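Undergrad: Sharing a sequence plus its predicted fold:
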Amino acid sequence: MSTENITKSDIVGKLFNLAATAAAARALLDEQVNENPREKFPASRAIDQIADLAHDLACEIDNSDIAAD
């Protein structure tokens, strides 16, 4: 994607998409690692942090004074 055509909506949409993807990855990890919870903890924590950060950034950008589309 060319930087000259990126809009605020593009960035916010991609960050929300990243948050949703991370949440889906967390759900898949939970399904696949039920028998050994110790193995999933570091990965699930990292996935949760990615989802939270992407969501928080999307909300901050959406509510910021950055020029809209």
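TA: Noted; the coordinates are in hand.
Undergrad: counting contacts, what elements does the helix or strand containing residue 45 pack onto?
TA: Assigned by DSSP states H and E, residue 45 falls within helix 37-62. Counting contacts by 3 or more Cβ pairs under 8 Å, 6 or more residues apart in numbering; DSSP states H and E, helix 37-62 packs against helix 8-32. C-betas here are computed from N, CA, C, even on glycine.
Undergrad: Any buried residues in the helix it packs on, and which?
TA: 12, 15, 16, 18, 19, 22, 23, 25, 26 (16 or more other Cβ atoms under 10 Å).
Undergrad: so who does the first one touch?
TA: If I follow you right, that is residue 12. Contacts for residue 12 (Cβ atoms under 8 Å, 6 or more residues apart in numbering) come out as 58, 61, 62.
Undergrad: so where's the protein uncertain?
TA: 1-4, 35-41, 66-69 (pLDDT under 70).
Undergrad: If we use 50, what do you get?
TA: 1 (pLDDT under 50).
Undergrad: Go ahead and flag the most central residue of the protein.
TA: Closest to where the C-alpha atoms of the chain average out (Cα atoms, centre = their mean) is residue 19, at 2.2 Å.
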